[in-house]
Each structure stands twice: as C-alpha cells, then as structure tokens.
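# With the input below, show me the fold.
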Amino acid sequence: MDKLRIDKWLWAARFYKTRSLAVEEIDKGRVRINDLEAKPSREVKPGDTVALRQGPLTRTLIVRGISSQRGAAPVAQQLYEETRESLALKAQAAEQRHLTSDPASSLEHGRPTKRDRRSMDKAQGKDWGSRWSASIDH
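As a prediction, the model looks like this:
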C-alpha cells in the first residue's frame, strides 16, 4: 500500500479519535496537504507534507509511513515526522501556557459559604432569627 485517504491516515496516526472527527476537521479547512486544502478523500503518500491545525497551534508533519489500521501510540508515531519549526512552535506555545496565569486563579472569592450568606442577609436586613418559620404569620 503506497497511498491512503487522509482521513484514514489521520485516524491511524492518532491525531483524531474517530474518522468522523478527522473528516469534520478536514471539512473545516484545518488540514492542508502540500500547501493545498485537503478533502477527506485526498490521498497521502510517504514524503507528503501535512499541515494540521489543532487549537491555536499548527503542526507541520512529513508523512513517513502508511497504515490503514490504528495501532499503539509508538507505532502511530512512526507514521510521521514533525518538522523542526513545528516542534519549536509547539515548545514555545507550551512555554507561553506555562507563563500565563489561569483565569480561575484570578478570582478572589468563589461562592459564598453558608456563614457568608447569613452575614450578607443580616447586612441587608433579612434576619430570620426571630421567626420560627419562613411562612408569613397571620
């Protein structure tokens, strides 16, 4: 076998969990083969260059092997070679993620605790302490 559909190859190389996910990404224009926009039925062969956008990162791969079966991760990694530029961009993006703070960590307070809620209600004049029931007494 010297050629294989790009959707099958991306699935076999473990870039996508299912072939249908690979087809969706190809249809969205996130996969290019030899600088041409790909279609799911486009065939790849060893030596082709595949540009694959995953989130904010664009990975550039050189096809080294063809397999129509999805195998173990070490076997799948032998199907392609990532370019030096792509590896440098990947490392730079990882470093950038490491340096930026998590948006959730900037929040000082989360949901109020029961104690906080009671003190807020007391400050707003909603003191239930003198009543034995929440219903209105007639």
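# what does the average pLDDT come to for stretch 12-29?
Averaged over stretch 12-29, pLDDT sits at 94.
# what comes up buried for that stretch?
If you call a residue buried by 16 or more other CB atoms under 10 Å, then stretch 12-29 has these buried ones: Ala12, Ala13, Arg14, Phe15, Tyr16, Arg19, Ala22, Val23, Glu25, Ile26. From N, CA and C alone the C-beta is placed, and that goes for glycine too.
# Same list (those residues) but as CSV, adding secondary structure.
Conversion of the buried residues of stretch 12-29 to CSV gives the following (DSSP: H, G, I helix; E, B strand; the rest coil):
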residue, secondary structure
Ala12, helix
Ala13, coil
Arg14, coil
Phe15, coil
Tyr16, coil
Arg19, helix
Ala22, helix
Val23, helix
Glu25, helix
Ile26, helix
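# Could I get the buried residue list for stretch 89-106?
Taking 16+ other CB under 10 Å as the basis for neighbour counts, the residues of stretch 89-106 that come out buried are Leu89.
# which outside residues touch that stretch?
With contact meaning CB atoms under 8 Å, 6 or more residues apart in numbering, stretch 89-106 is reached by Pro56, Leu57, Thr58, Arg59, Glu82.
# Now tabulate those in JSON lines and tack on distance to Arg70, secondary structure and pLDDT.
Shown next, in JSON lines, are the contacts of stretch 89-106 (distance: CB to CB, whole Å; DSSP: H, G, I helix; E, B strand; the rest coil; pLDDT from 0 to 100):
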{"residue": "Pro56", "distance to Arg70": "26", "secondary structure": "coil", "pLDDT": "87"}
{"residue": "Leu57", "distance to Arg70": "23", "secondary structure": "strand", "pLDDT": "90"}
{"residue": "Thr58", "distance to Arg70": "23", "secondary structure": "strand", "pLDDT": "92"}
{"residue": "Arg59", "distance to Arg70": "19", "secondary structure": "strand", "pLDDT": "93"}
{"residue": "Glu82", "distance to Arg70": "19", "secondary structure": "strand", "pLDDT": "93"}
